[in-house]
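**Q** return a 3D structure for these sequence lines:
(one chain, ligands or ions: 2)
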Amino acid sequence: MSDRKRTYVVLLGVPGAGKGTQAKLLEQATGLPQVSTGDIFRYNLKNQTALGVLAKGYMDQGSLVPDDVTIRMVEDRLQMPDCAKGAIMDGFPRNLVQATAFEQMVAPYGGVSVAPLINVEDDETIRRITGRRTCRTCGTVYHLIFNPPLVEGVCDKDGGELYQRDDDYEATVRNRLFVYYKQTAPLVGYFYAKGLLTEVDGSKSIDAVQADLLALVKCK
Ligand code: AP5
Ligand code: ZN
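**A** Ligands and ions are numbered 1, 2, ... in the order given. All right, here's what the predicted structure looks like:
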(Lines give C-alpha, C1' and ligand atoms only; values in the text may rest on other atoms or scores of the structure.)
(Ligands and ions follow the chains in the order given, each with its own letter.)
Protein backbone atom coordinates (compact mmCIF):
# COMPACT_ATOMS: atom_id res chain seq x y z
CA MET A 1 0.00 0.00 0.00
CA SER A 2 2.93 2.34 0.72
CA ASP A 3 3.26 3.62 -2.86
CA ARG A 4 -0.42 4.54 -2.74
CA LYS A 5 -0.15 6.44 0.54
CA ARG A 6 -1.82 9.83 0.43
CA THR A 7 -2.28 12.67 2.92
CA TYR A 8 -5.82 13.45 4.00
CA VAL A 9 -6.18 16.26 6.53
CA VAL A 10 -9.67 16.63 8.05
CA LEU A 11 -10.12 20.15 9.47
CA LEU A 12 -12.68 20.24 12.29
CA GLY A 13 -14.13 23.26 14.09
CA VAL A 14 -17.30 25.28 14.57
CA PRO A 15 -18.54 27.52 11.74
CA GLY A 16 -16.18 30.48 11.66
CA ALA A 17 -13.30 28.69 13.40
CA GLY A 18 -11.10 29.43 10.41
CA LYS A 19 -11.21 26.14 8.48
CA GLY A 20 -11.52 27.79 5.07
CA THR A 21 -8.87 30.41 5.80
CA GLN A 22 -6.43 27.77 7.02
CA ALA A 23 -7.26 25.26 4.27
CA LYS A 24 -6.37 27.81 1.58
CA LEU A 25 -3.05 28.58 3.29
CA LEU A 26 -2.29 24.87 3.72
CA GLU A 27 -3.04 24.37 0.05
CA GLN A 28 -0.43 26.99 -0.85
CA ALA A 29 2.10 25.54 1.60
CA THR A 30 1.70 21.83 0.82
CA GLY A 31 0.32 21.66 -2.72
CA LEU A 32 -2.56 19.50 -1.49
CA PRO A 33 -5.89 20.88 -2.76
CA GLN A 34 -8.53 22.34 -0.44
CA VAL A 35 -11.74 20.34 -0.80
CA SER A 36 -14.50 22.50 0.67
CA THR A 37 -18.02 21.09 0.33
CA GLY A 38 -19.43 24.53 1.16
CA ASP A 39 -17.41 26.09 -1.69
CA ILE A 40 -18.52 23.36 -4.12
CA PHE A 41 -22.17 24.01 -3.22
CA ARG A 42 -21.68 27.78 -3.60
CA TYR A 43 -19.96 27.27 -6.97
CA ASN A 44 -22.93 25.19 -8.14
CA LEU A 45 -25.36 27.79 -6.88
CA LYS A 46 -23.52 30.54 -8.74
CA ASN A 47 -23.87 28.48 -11.92
CA GLN A 48 -27.51 27.62 -11.14
CA THR A 49 -26.99 23.84 -11.43
CA ALA A 50 -29.61 21.45 -10.01
CA LEU A 51 -27.18 20.62 -7.19
CA GLY A 52 -26.73 24.30 -6.36
CA VAL A 53 -30.46 24.99 -6.28
CA LEU A 54 -31.05 21.94 -4.07
CA ALA A 55 -28.23 22.91 -1.68
CA LYS A 56 -29.39 26.52 -1.33
CA GLY A 57 -32.59 25.50 0.48
CA TYR A 58 -30.55 23.76 3.19
CA MET A 59 -27.70 26.27 3.36
CA ASP A 60 -29.98 29.28 3.83
CA GLN A 61 -31.43 27.59 6.91
CA GLY A 62 -28.04 26.48 8.19
CA SER A 63 -29.01 22.80 7.85
CA LEU A 64 -26.93 20.06 6.27
CA VAL A 65 -27.42 19.10 2.63
CA PRO A 66 -28.51 15.40 2.46
CA ASP A 67 -25.70 12.88 2.92
CA ASP A 68 -26.21 10.88 -0.28
CA VAL A 69 -25.81 14.00 -2.45
CA THR A 70 -22.83 15.30 -0.46
CA ILE A 71 -20.97 11.98 -0.28
CA ARG A 72 -21.34 11.34 -4.02
CA MET A 73 -20.08 14.86 -4.73
CA VAL A 74 -16.96 14.32 -2.59
CA GLU A 75 -16.28 10.92 -4.17
CA ASP A 76 -16.26 12.58 -7.60
CA ARG A 77 -14.06 15.45 -6.39
CA LEU A 78 -11.44 13.15 -4.86
CA GLN A 79 -11.05 11.30 -8.15
CA MET A 80 -9.86 14.43 -9.93
CA PRO A 81 -6.16 14.52 -10.88
CA ASP A 82 -5.24 17.31 -8.45
CA CYS A 83 -6.20 15.00 -5.56
CA ALA A 84 -3.64 12.34 -6.54
CA LYS A 85 -1.56 12.97 -3.38
CA GLY A 86 -4.44 13.63 -0.99
CA ALA A 87 -6.50 16.64 0.09
CA ILE A 88 -7.24 19.19 2.81
CA MET A 89 -10.86 18.45 3.78
CA ASP A 90 -12.75 21.62 4.79
CA GLY A 91 -16.33 21.04 5.97
CA PHE A 92 -16.46 17.31 5.18
CA PRO A 93 -17.06 14.91 6.84
CA ARG A 94 -19.68 16.70 8.94
CA ASN A 95 -21.55 13.87 10.67
CA LEU A 96 -20.94 10.21 11.50
CA VAL A 97 -22.49 8.89 8.27
CA GLN A 98 -20.16 11.09 6.21
CA ALA A 99 -17.17 10.15 8.39
CA THR A 100 -17.76 6.44 7.85
CA ALA A 101 -18.19 6.94 4.10
CA PHE A 102 -15.03 9.08 3.96
CA GLU A 103 -12.97 6.46 5.78
CA GLN A 104 -14.05 3.89 3.20
CA MET A 105 -13.09 6.26 0.36
CA VAL A 106 -9.59 6.87 1.69
CA ALA A 107 -8.84 3.44 3.20
CA PRO A 108 -6.96 2.24 0.06
CA TYR A 109 -4.57 5.18 0.46
CA GLY A 110 -3.66 4.79 4.12
CA GLY A 111 -6.77 6.42 5.63
CA VAL A 112 -7.13 9.80 7.33
CA SER A 113 -3.71 11.25 8.24
CA VAL A 114 -4.68 13.78 10.90
CA ALA A 115 -7.84 15.56 12.12
CA PRO A 116 -6.95 18.95 13.64
CA LEU A 117 -9.69 20.55 15.72
CA ILE A 118 -9.48 24.36 15.55
CA ASN A 119 -10.85 25.56 18.90
CA VAL A 120 -12.61 28.95 19.10
CA GLU A 121 -15.29 30.30 21.49
CA ASP A 122 -18.82 30.68 20.07
CA ASP A 123 -18.96 34.45 20.63
CA GLU A 124 -15.74 34.86 18.70
CA THR A 125 -17.04 32.76 15.78
CA ILE A 126 -20.15 34.93 15.54
CA ARG A 127 -17.92 38.03 15.40
CA ARG A 128 -15.78 36.38 12.78
CA ILE A 129 -18.64 35.19 10.59
CA THR A 130 -20.70 38.37 10.65
CA GLY A 131 -17.59 40.37 9.62
CA ARG A 132 -16.55 37.91 6.93
CA ARG A 133 -16.42 38.96 3.28
CA THR A 134 -15.68 36.50 0.46
CA CYS A 135 -14.39 37.08 -3.09
CA ARG A 136 -16.98 36.23 -5.72
CA THR A 137 -14.26 35.27 -8.18
CA CYS A 138 -11.69 33.21 -6.24
CA GLY A 139 -13.36 32.52 -2.88
CA THR A 140 -10.62 34.15 -0.82
CA VAL A 141 -11.94 34.98 2.64
CA TYR A 142 -11.42 38.33 4.40
CA HIS A 143 -12.66 39.93 7.61
CA LEU A 144 -13.67 43.57 7.91
CA ILE A 145 -11.50 44.01 11.02
CA PHE A 146 -9.26 40.94 11.53
CA ASN A 147 -8.12 40.43 7.95
CA PRO A 148 -9.24 43.37 5.79
CA PRO A 149 -8.50 43.68 2.06
CA LEU A 150 -6.18 46.50 0.94
CA VAL A 151 -9.13 48.25 -0.75
CA GLU A 152 -12.58 47.98 0.82
CA GLY A 153 -14.89 45.59 -1.06
CA VAL A 154 -12.19 44.44 -3.50
CA CYS A 155 -10.15 41.18 -3.51
CA ASP A 156 -6.37 41.73 -3.19
CA LYS A 157 -5.64 38.81 -5.51
CA ASP A 158 -7.85 39.42 -8.53
CA GLY A 159 -9.90 42.58 -7.97
CA GLY A 160 -13.08 40.49 -7.55
CA GLU A 161 -16.08 41.86 -5.66
CA LEU A 162 -16.30 40.94 -1.97
CA TYR A 163 -19.74 39.85 -0.74
CA GLN A 164 -21.42 38.66 2.45
CA ARG A 165 -22.61 35.04 2.26
CA ASP A 166 -26.40 34.50 2.44
CA ASP A 167 -25.92 32.23 5.47
CA ASP A 168 -23.70 34.69 7.36
CA TYR A 169 -26.41 36.62 9.20
CA GLU A 170 -26.68 36.09 12.95
CA ALA A 171 -29.90 33.98 13.08
CA THR A 172 -28.58 31.51 10.50
CA VAL A 173 -25.18 31.42 12.15
CA ARG A 174 -26.81 30.43 15.46
CA ASN A 175 -28.61 27.57 13.71
CA ARG A 176 -25.35 26.48 12.06
CA LEU A 177 -23.77 26.36 15.54
CA PHE A 178 -26.71 24.28 16.79
CA VAL A 179 -26.36 21.87 13.87
CA TYR A 180 -22.61 21.71 14.52
CA TYR A 181 -23.02 20.68 18.16
CA LYS A 182 -25.71 18.14 17.34
CA GLN A 183 -24.26 16.51 14.23
CA THR A 184 -20.60 17.45 13.75
CA ALA A 185 -19.25 17.61 17.32
CA PRO A 186 -19.50 13.78 17.69
CA LEU A 187 -16.68 13.58 15.12
CA VAL A 188 -14.32 14.99 17.74
CA GLY A 189 -14.75 11.83 19.81
CA TYR A 190 -14.77 9.68 16.70
CA PHE A 191 -11.35 10.87 15.51
CA TYR A 192 -9.97 11.05 19.06
CA ALA A 193 -10.77 7.35 19.54
CA LYS A 194 -8.78 6.60 16.38
CA GLY A 195 -5.76 8.56 17.62
CA LEU A 196 -6.12 11.13 14.83
CA LEU A 197 -7.41 14.19 16.69
CA THR A 198 -5.11 17.10 17.58
CA GLU A 199 -6.40 20.31 19.14
CA VAL A 200 -5.16 23.66 17.87
CA ASP A 201 -5.79 27.03 19.55
CA GLY A 202 -7.85 28.89 16.93
CA SER A 203 -7.97 32.12 18.92
CA LYS A 204 -4.40 32.96 17.88
CA SER A 205 -3.57 35.02 14.80
CA ILE A 206 -4.15 33.51 11.36
CA ASP A 207 -0.37 33.10 10.86
CA ALA A 208 0.13 31.47 14.26
CA VAL A 209 -2.69 28.97 13.68
CA GLN A 210 -1.22 28.21 10.26
CA ALA A 211 2.20 27.49 11.76
CA ASP A 212 0.65 25.04 14.25
CA LEU A 213 -1.30 23.27 11.51
CA LEU A 214 1.64 23.09 9.15
CA ALA A 215 3.76 21.46 11.84
CA LEU A 216 1.06 18.80 12.27
CA VAL A 217 0.66 18.12 8.57
CA LYS A 218 4.41 17.91 7.98
CA CYS A 219 4.70 15.24 10.68
CA LYS A 220 2.39 12.98 8.68
P1 AP5 B 1 -19.33 25.81 5.03
O2 AP5 B 1 -19.04 26.68 3.88
O3 AP5 B 1 -18.47 24.62 5.27
O4 AP5 B 1 -19.40 26.71 6.33
P5 AP5 B 1 -19.02 26.40 7.87
O6 AP5 B 1 -18.56 25.06 8.26
O7 AP5 B 1 -20.20 26.91 8.60
O8 AP5 B 1 -17.74 27.15 8.06
P9 AP5 B 1 -17.48 28.58 7.65
O10 AP5 B 1 -17.13 28.66 6.19
O11 AP5 B 1 -18.59 29.49 8.11
O12 AP5 B 1 -16.26 28.96 8.57
P13 AP5 B 1 -14.72 28.58 8.51
O14 AP5 B 1 -14.38 27.73 9.67
O15 AP5 B 1 -14.32 28.10 7.16
O16 AP5 B 1 -14.12 30.03 8.80
P17 AP5 B 1 -13.34 31.08 7.86
O18 AP5 B 1 -11.99 30.57 7.53
O19 AP5 B 1 -14.20 31.51 6.71
O20 AP5 B 1 -20.84 25.28 4.96
C21 AP5 B 1 -21.90 26.14 4.63
C22 AP5 B 1 -23.18 25.30 4.45
O23 AP5 B 1 -23.00 24.37 3.36
C24 AP5 B 1 -23.58 24.42 5.64
O25 AP5 B 1 -24.33 25.15 6.59
C26 AP5 B 1 -24.40 23.33 4.94
O27 AP5 B 1 -25.69 23.79 4.61
C28 AP5 B 1 -23.63 23.13 3.63
N29 AP5 B 1 -22.59 22.09 3.76
C30 AP5 B 1 -21.25 22.27 3.66
N31 AP5 B 1 -20.60 21.10 3.83
C32 AP5 B 1 -21.56 20.16 4.06
C33 AP5 B 1 -21.52 18.77 4.34
N34 AP5 B 1 -20.34 18.11 4.43
N35 AP5 B 1 -22.68 18.10 4.51
C36 AP5 B 1 -23.86 18.74 4.42
N37 AP5 B 1 -23.98 20.08 4.19
C38 AP5 B 1 -22.83 20.79 4.00
O39 AP5 B 1 -13.17 32.29 8.90
C40 AP5 B 1 -14.29 33.03 9.36
C41 AP5 B 1 -13.90 34.53 9.46
O42 AP5 B 1 -12.94 34.71 10.50
C43 AP5 B 1 -13.27 35.11 8.19
O44 AP5 B 1 -13.74 36.41 8.01
C45 AP5 B 1 -11.75 35.11 8.49
O46 AP5 B 1 -11.08 36.18 7.83
C47 AP5 B 1 -11.73 35.31 10.01
N48 AP5 B 1 -10.64 34.58 10.66
C49 AP5 B 1 -10.20 33.30 10.39
N50 AP5 B 1 -9.20 32.96 11.21
C51 AP5 B 1 -9.01 34.01 12.05
C52 AP5 B 1 -8.10 34.26 13.15
N53 AP5 B 1 -7.20 33.33 13.54
N54 AP5 B 1 -8.18 35.45 13.77
C55 AP5 B 1 -9.09 36.41 13.38
N56 AP5 B 1 -9.96 36.23 12.36
C57 AP5 B 1 -9.92 35.04 11.70
ZN1 ZN C 1 -10.46 36.97 -5.42
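
**Q** now do the strands in this structure.
**A** 7-11, 34-36, 86-90, 115-119, 132-135, 141-143, 162-163, 197-201 (DSSP state E).

**Q** check contacts around Asp158.
**A** If a contact means Cβ atoms under 8 Å, 6 or more residues apart in numbering, then Asp158 has 135, 137-138 as its contacts. Quick note: C-beta positions are derived from backbone N, CA and C, even for glycine.

**Q** just to revisit the earlier point, indicate which one of the strands of the chain is closest to Cys155.
**A** Evaluated over the strands of the chain, closeness to Cys155 peaks at strand 132-135, with 3.9 Å, by Cβ to Cβ.

**Q** ok, how many other residues are close to the closest residue to Val9 other than its chain neighbours?
**A** Spatial nearest neighbour of Val9, excluding adjacent residues (Cβ to Cβ, 6 or more residues apart in numbering): Ile88 at 4.9 Å. When neighbours are defined as other Cβ atoms under 10 Å, Ile88 has 25 of them.

**Q** cool, and Ser205?
**A** 10.

**Q** picking up where we left off before, which members of the contacts of Asp158 additionally contact ligand 2?
**A** Among the contacts of Asp158, proximity to ligand 2 is found for 135, 137-138 (Cβ under 5 Å from the ion).

**Q** what pairs with the residue nearest to the spatial centre of the chain across the strands?
**A** When Cα atoms, centre = their mean is applied to the chain, the residue found nearest the centroid is Asp90 (2.2 Å). With DSSP bridges applied, Asp90 shows beta-bridge pairing to Leu11, Ser36.

**Q** list the residues that contact it.
**A** 11, 19-20, 23, 34-39.

**Q** so it versus ligand 2, what's the distance?
**A** To ligand 2, Asp90 is 17 Å away according to Cβ to the ion, to the nearest Å.

**Q** leaving out chain neighbours, which residue sits closest to the one residue in the chain that gets nearest to ligand 1?
**A** Minimum separation of the chain from ligand 1 (Cβ to the nearest ligand atom) falls at Gly38, amounting to 2.0 Å. In space, and not counting its chain neighbours, Gly38 is closest to Gly91: 4.8 Å by Cβ to Cβ, 6+ apart.
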